[in-house]
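> What follows is a predicted protein model with its sequence.
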Amino acid sequence: MSDTQYSKIISDGLWTNNAAFVQLLGLCPLLAVSNTVINGLGLGLATTLTLVASNIMVSMIRHWVRPEIRIPVFVLIIASTVTIIELTMNAWFHELYLILGIFIPLIVTNCSIIARAEAFASKNTIPAALVDGLFMGLGFTAVLVLLGAMREAIGFGTLFQQAHLMFGEAAREMTITLFENYRGYLLAILPPGAFIGLGLLIAVKNIIDKKQASREKSLAAEPVKATS
């Protein structure tokens, strides 16, 4: 696979075909736990690890799995991966695990993961599947963190609160207070606030894409004008 093809995989995962912004997959955990940066980061990294591991394993066995049973096999691989991640989080990040709750095992049902296994990993080499899983996961994580930052800033007036749940006791100093004596804004940390925040982020992405397309169209038209 060429560098150009890898570049396309990366751009698709981070922007062009972002699971949350474009495909609108995995919205249940996205909207439910993205009320702080740390919560979003924790779930995003767990999802990314699942994508990478499941993509690699699906790519490894793609020549030996019969088409009739491929979906059950893929689900079994994803479920096993999520179980390992869930037990690891329970052991090493127990408080964060309790906060994220049911949404860790629900990664198994995330449509974006089974979609990448079926549409990409089962048809491509291990390196390509690894890159696809990594950047699809990072794109999803970026949306979780960005939405979490918006909701935390508006809802609590802080950033990186409870960072110690992921980075240890020394990370308590990471909390940034944006507004002193801030009473909070409840809508931002409730599910309706998540819908509104995600809608605004999607609108911003669409505006950027539209401006980029217009710029490319103008650049493509310039040689024609010069020739005429």
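Cool, got the structure.

> C-alpha only now, for contacts and for neighbours.
Fine.

> residues of the host helix or strand of residue 134 that come out buried?
Element membership of residue 134, judged by DSSP states H and E, is helix 126-155. By neighbour count with 16 or more other C-alpha atoms under 10 Å, helix 126-155 contains the buried residues 126, 128-155.

> what do you get for stretch 82-100?
Buried, per 16+ other C-alpha under 10 Å, within stretch 82-100: 82-83, 85-86, 89, 93-97, 100.

> how near is residue 155 to residue 191?
Residue 155 is 12 Å from residue 191, where distance means C-alpha to C-alpha, to the nearest Å.

> my bad, should have said residue 94
24 Å.

> Give me the pLDDT value at the spatially most central residue of the chain.
Geometric centre of the chain, nearest residue: residue 140, 1.3 Å, by C-alpha atoms, centre = their mean. pLDDT, residue 140: 94.

> can you pull the contacts of residue 96?
Going by C-alpha atoms under 8 Å, 6 or more residues apart in numbering, residue 96 touches 39, 42, 89, 165-166.

> can we see that at 6 Å?
residue 165 (C-alpha atoms under 6 Å, 6 or more residues apart in numbering).

> Could you point out the helix or strand that follows the helix or strand hosting it?
In the assignment (DSSP H and E), residue 96 maps to helix 94-100. As assigned by DSSP H and E, the chain's next helix or strand after helix 94-100 is helix 111-119.

> Low-confidence regions, this structure specifically.
223-228 (pLDDT under 70).

> All the helices of the protein, residue numbers only.
In the chain, the helices defined using DSSP state H lie at 3-11, 27-33, 37-61, 70-92, 94-100, 111-119, 126-155, 164-167, 186-189, 191-227.

> would you turn the ones you listed into CSV with distance to residue 21?
Below are those laid out as CSV (distance: least, C-alpha to C-alpha, whole Å):
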stretch, distance to residue 21
helix 3-11, 13
helix 27-33, 10
helix 37-61, 14
helix 70-92, 23
helix 94-100, 22
helix 111-119, 12
helix 126-155, 8
helix 164-167, 26
helix 186-189, 19
helix 191-227, 6
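
> Relative to residue 177, which of these is closest?
Residue 177 lies closest to helix 126-155 among these, at 8.7 Å (C-alpha to C-alpha).

> Contacts only, for residue 165.
Residue 165 is in contact with residue 96, counting by C-alpha under 6 Å, 6+ apart.

> Let's see that with 10 Å instead.
38-39, 42, 92-97, 99, 171-172 (C-alpha atoms under 10 Å, 6 or more residues apart in numbering).
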